[in-house]
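K.L.:
3D model of this:
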Amino acid sequence: MFSTAKTNRTLTVKELASASLDAANLPDGLEPGLFATAVYRAPVNNYPNGCHVCEVEIDAETAGSQNGGAANGGAGYDGGGQNTAAARPVLERALELCAPGDYTDRSLVQFDQAECMLIDGDCAAATEHAAQVLAGLDAPRRQGIISARGRELYAALPASARLLPAAAGFCDLLDDETGMKEISA
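P.N.:
A predicted model of the protein is given here:
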């Protein structure tokens, strides 16, 4: 129901739609009907209605479970039987298959590479690699799943590794909401 304070006249939506089709009822320059078209172009790509698919193949002989991250309070990874040597070429191939503009999948695969380094005990290389991933993205692209994955990696660092300069730089980039911080050499 539509009404105006200037008169006591009211219209239903149906009556309003019918009246809008008669040009005599409209101000000059206004097209008849209740039609509108708009296009919104977001400043960064996002896919809120997209579909993400992940295929996982587990080798029964080498499969292991992740033992780290937030699940154990960030105590670090012990490897959990994971075969990072087998994972590395798969991750390289995944990067080759990423579309050039697909920063989300590319970043997540690169974080997986950092996780392999962490599992192998090279915390400095893991945090340097993860920091480079974030440094390559502007602030809006660091948000959401990318930021969450980065925080998981940081939480998985042993306490002693968080004192490394690379870990401090990685943490700074995770906290940077402006996109203005860079990796310090």
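K.L.:
contacting residues around Ala99?
P.N.:
Listed by C-beta atoms under 8 Å, 6 or more residues apart in numbering, the contact set of Ala99 reads Asp105. Backbone N, C-alpha and C define where each C-beta goes, glycine included.
K.L.:
and it, which of the three is it?
P.N.:
Assigned by DSSP: H, G, I helix; E, B strand; the rest coil, the conformation of Ala99 is coil.
K.L.:
Thr37 now?
P.N.:
Strictly by three-state DSSP, Thr37 counts as coil.
K.L.:
That one and Ser20: what is the separation?
P.N.:
Note on Thr37: its distance to Ser20, by C-beta to C-beta, to the nearest Å, is 16 Å.
K.L.:
okay, the two: which has more neighbours?
P.N.:
Using other C-beta atoms under 10 Å as the criterion, Thr37 and Ser20 rank with Ser20 on top: 16 against 4.
K.L.:
Spatially nearest residue to the more buried one, not counting backbone neighbours?
P.N.:
Spatial nearest neighbour of Ser20, chain neighbours left out: Leu34 (5.1 Å); criterion: C-beta to C-beta, 6 or more residues apart in numbering.
K.L.:
That neighbour belongs to a helix, doesn't it?
P.N.:
No. Under three-state DSSP, Leu34 falls outside any helix and is assigned coil.
K.L.:
For it, give me the pLDDT.
P.N.:
On pLDDT, Leu34 comes in at 77.
K.L.:
Kindly list the main-chain dihedrals of Leu137?
P.N.:
The phi and psi values for Leu137, taken as degrees, to the nearest 10, are phi -120, psi 140.
K.L.:
burial measure for it, as a count.
P.N.:
Other residues lying near Leu137 total 18 when counted by other C-beta under 10 Å.
K.L.:
Give me the neighbour count for the nearest residue to it once chain neighbours are set aside.
P.N.:
In space, and not counting its chain neighbours, Leu137 is closest to Tyr103: 6.2 Å by C-beta to C-beta, 6+ apart. If you count neighbours by other C-beta under 10 Å, Tyr103 ends up with 19.
K.L.:
Likewise for Thr10?
P.N.:
Thr10: 11 neighbours (other C-beta under 10 Å).
K.L.:
hmm, back to that, so what does the residue nearest to Ser20 look like in phi/psi?
P.N.:
When read as degrees, to the nearest 10, the backbone of Leu34 gives phi -110, psi 70.
K.L.:
Hmm, Ala17 and it touching each other?
P.N.:
Yes. Under the criterion of C-beta atoms under 8 Å, Leu34 makes contact with Ala17 at 5.6 Å.
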